[in-house]
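K.L.:
Give me coordinates for this.
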Amino acid sequence: MATSPRLGARSSDPDAPPPPTPSLPLPPAPPPSIDKQALLLSVAPKKPNWDLKRDIADKLERLERRTQRALVKIMRAELESAEGGGAEV
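P.N.:
Predicted structure coming up:
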């Protein structure tokens, strides 16, 4: 059986156990300090309807213009009726 010409950092004996790795003491993991509900609230959007408002903004602008035109038409009709009614005595 042929041995590999490159064995890396291990000794020349392929059956030898690997060298021990130095074990460093790991610091204890800190307990989770964030409440699950607080975490959900921080991830949730502040205003969930922002995309709906964006989507209907054009329609609202058109509706506002139509509303203003209708109000002007009503006011003109009232003024014309008031002027016409006052002249007929």
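
K.L.:
Which helix or strand lies directly C-terminal to the lowest-mean-pLDDT helix or strand in the chain?
P.N.:
None of the helices or strands of the chain scores lower by mean pLDDT, DSSP states H and E than helix 36-43, at a mean of 66. Next along the chain after helix 36-43, taking DSSP states H and E as the criterion, comes helix 50-87.

K.L.:
Check the gap between Arg54 and Lys47 for me.
P.N.:
Distance, Arg54 to Lys47, using C-beta to C-beta, to the nearest Å: 11 Å. Heads up, the C-betas are built off the backbone N, CA and C, glycines and all.

K.L.:
whoops, Leu60 was the one
P.N.:
Relative to Lys47, and taking C-beta to C-beta, Leu60 is found at 16 Å.

K.L.:
got it, and Ile74?
P.N.:
Going from Ile74 to Lys47 by C-beta to C-beta gives 35 Å.

K.L.:
And Asp15, by the same measure?
P.N.:
Asp15 is 67 Å from Lys47, by C-beta to C-beta.

K.L.:
remind me which residues of this structure are low pLDDT?
P.N.:
1-12, 30-46, 85-89 (pLDDT under 70).
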